[in-house]
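*Asks:* Pasted the sequence and its predicted model underneath.
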Amino acid sequence: MRIAILGAGAWGTALAINLALSHQVTLWIRDPNQLRPLVAKRINQRYLPDFPLPEAVQLTSELDVATYTADLVLVTVPIAGLRELLLRIHAMGKALPIILGCKGFEAHSSMLPHQVLREVCAMGAPFGILSGPSFAQEVAQGLPTALTLASDDESFTKWVASEIHTAYLRIYLSGDVIGVETGGAVKNVIAIATGISDGMRLGNNARAALITRGLAEITRLGVALGGCKETFMGLAGMGDLILTCTGEMSRNRRVGMMLAQGQPLPDILQKIGHVAEGVHTAQEAQQMGRKLKIEMPVTQAVFSILYENMSAEAAVKKILNREPKTEFD
Ligand SMILES: NC(=O)c1ccc[n+]([C@@H]2O[C@H](COP(=O)([O-])OP(=O)(O)OC[C@H]3O[C@@H](n4cnc5c(N)ncnc54)[C@H](O)[C@@H]3O)[C@@H](O)[C@H]2O)c1
Ligand SMILES: O=P(O)(O)OC[C@H](O)CO
């Protein structure tokens, strides 16, 4: 199969390396200045160093070249670039089957990735969401990884899963697009919270509490948005939450650890040099929680630290001083 991967950050590059084992892969790079060194060295030095691109991966910064003969398009740009990219695809006038790999809510509209897709490309081509616990470096290394592929179209997910699963990449199917996307978006906010907690050396008990109560608020929001409760116990819910809250490779967790050291957010983002989707998603999730009257104390705490100048110490105190309540709503 011919697969176009649109977005040459860590995630797009890792998927290109993995999928090139069994498919013809073209990797689209938005920035021509990033394309030149990639073509010359065949290593994505900025976003995924140490992993050479197999010869089979073709490289281009021309969107029509990348998608011209593609049987499947995998979108791996950050959510901030999703709408612009989809508008460009739409303008080409082709109804391409698309898998979305970004995690977050769109800034200002609070839309999930598939909602942006539906708004921009109402052309009726099937689409799906690929999510779950997956650090790009480990996928590039060929280490075992399990992902969830969600779509309204079961025959489409079955076809895509049969094509993209490999010996080390196992794909589970789901019909719950909203649940899978909400889990992938909000886990990044909770990972910032656990990073803050670990950076403050609040201990293992505090981290376990944040993960568990974080899962409770992700589930409340996801169900209110139309997701299924059980999805949040799966790979795109609890699975990705555990990975991102505990894995040293997580950019969102690292943002939290640096916030705990008192570093200013712009400096942190510059040092990380990659997207940390939880930073913007904290804003959108906090607003949605308020609008839908859903209790999201951990998200609120991260929002207050990021956008309301609240100290991490004050945020911790506020969470702990809440009235006792029953564990399950
Ligand atoms: N890295 C991972 O382990 C991983 C795993 C699963 C999912 N994801 C998701 O994939 C998405 C991309 O993450 P990443 O890790 O590849 O990011 P990254 O920071 O490694 O790379 C970002 C890439 O997107 C490009 N970019 C930045 N702004 C853009 C815009 N406005 N329009 C188009 N392109 C833009 C950059 O040039 C770069 O190529 C995110 O939503 C992330 O949550 C990442
Ligand atoms: O490094 P993070 O925090 O963006 O997390 C990457 C992936 O989403 C983990 O599944």
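*Replies:* Now that the structure is in, tell me what you want to look at. Ligands and ions are numbered 1, 2, ... in the order given.
*Asks:* if you look at the host helix or strand of residue 197, does any of it touch ligand 1?
*Replies:* Using DSSP states H and E, the element containing residue 197 is helix 177-199. No: figure legend: helix 177-199 not in contact with ligand 1 (CB under 6 Å from any ligand atom); closest approach 6.9 Å. In short, each C-beta sits where N, CA and C put it, glycine included.
*Asks:* The following helix or strand past that helix to helix 177-199, inter-axis angle?
*Replies:* Downstream of helix 177-199, the first helix or strand assigned by DSSP H and E is helix 204-225. Helix 204-225 runs at 160 degrees relative to helix 177-199, counting by axes from the mean of the first three to the mean of the last three CA atoms, to 10 degrees.
*Asks:* Ligand 2 contacts on the protein?
*Replies:* So the chain meets ligand 2 at 103, 133, 134, 135, 188, 191, 240, 243, 244, 250, 251, 252 (CB under 6 Å from any ligand atom).
*Asks:* Dump those to JSON lines, plus distance to residue 289, secondary structure and pLDDT.
*Replies:* Shown next, in JSON lines, are the residues of the chain next to ligand 2 (distance: CB to CB, whole Å; DSSP: H, G, I helix; E, B strand; the rest coil; pLDDT from 0 to 100):
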{"residue": "103", "distance to residue 289": "18", "secondary structure": "coil", "pLDDT": "98"}
{"residue": "133", "distance to residue 289": "24", "secondary structure": "coil", "pLDDT": "98"}
{"residue": "134", "distance to residue 289": "26", "secondary structure": "coil", "pLDDT": "98"}
{"residue": "135", "distance to residue 289": "28", "secondary structure": "coil", "pLDDT": "98"}
{"residue": "188", "distance to residue 289": "15", "secondary structure": "helix", "pLDDT": "98"}
{"residue": "191", "distance to residue 289": "17", "secondary structure": "helix", "pLDDT": "98"}
{"residue": "240", "distance to residue 289": "19", "secondary structure": "helix", "pLDDT": "98"}
{"residue": "243", "distance to residue 289": "23", "secondary structure": "helix", "pLDDT": "98"}
{"residue": "244", "distance to residue 289": "19", "secondary structure": "helix", "pLDDT": "98"}
{"residue": "250", "distance to residue 289": "22", "secondary structure": "coil", "pLDDT": "98"}
{"residue": "251", "distance to residue 289": "23", "secondary structure": "helix", "pLDDT": "98"}
{"residue": "252", "distance to residue 289": "18", "secondary structure": "helix", "pLDDT": "98"}
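*Asks:* for those residues, which one is nearest residue 147?
*Replies:* Lowest distance from residue 147 to these (CB to CB) belongs to residue 134, with 5.9 Å.
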